[in-house]
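> Next input, structure requested:
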Amino acid sequence: MKRNSRAFLLVVIISAALTPLFAADITGTWTASFDTQIGVQNYSYTFKVEGNRLTGRVKSMYSDGEITEGTINGDDISFVENLNFEGMPLRITYKGKISGDEIKLTRNVADIAMEEAVAKRAK
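Reported below is the predicted structural model:
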């Protein structure tokens, strides 16, 4: 094998190994509906990605706040929504898997309820 062929092969192998480490670009607005104990809640997420850091806003009928503790690694996403519901603070933690213009989300609402939804990129 020629030297150039070996160098090219090495670059391809290294690129393939590092690809999962790069964060997906989910910057923009996404929407989801959660079927909850208090009825269907429609959400809008505005995400901003910088490296593996995820920031943005969460909006719903009951929430309008900043995303905290947001991370993105490859196609994995996690963040926190701190909600004040009728005077009671609720910590809602999200985990998800990105696939193109969809994110399959699972959220833990104050260790009381687990809920799932699929967020879709707003077009």
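
> Could you say which helix or strand holds residue 68?
strand 64-73 (DSSP states H and E).

> what's in contact with that strand?
21, 23-24, 26, 45, 47, 49, 52-58, 77-83, 98 (C-beta atoms under 8 Å, 6 or more residues apart in numbering). Every C-beta, even on glycine, is put in place using the N, C-alpha and C of the backbone.

> Each with direction, which strands does that strand pair with?
The partner list of strand 64-73 in its sheet, established with DSSP bridges, is strand 53-59 (antiparallel), strand 76-85 (antiparallel).

> Buried residues, the longest one. List them.
Of the residues in strand 76-85, those with enough neighbours to count as buried (16 or more other C-beta atoms under 10 Å) are 77, 78, 79, 80, 81, 83.

> Not counting sequence-adjacent ones, nearest residue to the first one?
The shortest distance from residue 77 to any residue that is not its chain neighbour, by C-beta to C-beta, 6 or more residues apart in numbering, is 4.5 Å, and that residue is residue 96.

> residues contacting that neighbour?
Per C-beta under 8 Å, 6+ apart, neighbours of residue 96: 76, 77, 78, 103, 104, 105, 106, 119.

> re earlier: how far out from the middle of the chain is the strand holding residue 68?
In terms of C-alpha atoms, centre = their mean, to the nearest Å, the centre of strand 64-73 is set 8 Å apart from its chain centre.

> follow-up on the earlier one: could the buried residues of strand 76-85 go into a markdown table alongside distance to residue 71 and pLDDT?
Formatted as a markdown table, the buried residues of strand 76-85 follow (distance: C-beta to C-beta, whole Å; pLDDT from 0 to 100):
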| residue | distance to residue 71 | pLDDT |
| --- | --- | --- |
| 77 | 7 | 97 |
| 78 | 5 | 98 |
| 79 | 7 | 98 |
| 80 | 10 | 97 |
| 81 | 14 | 96 |
| 83 | 20 | 88 |
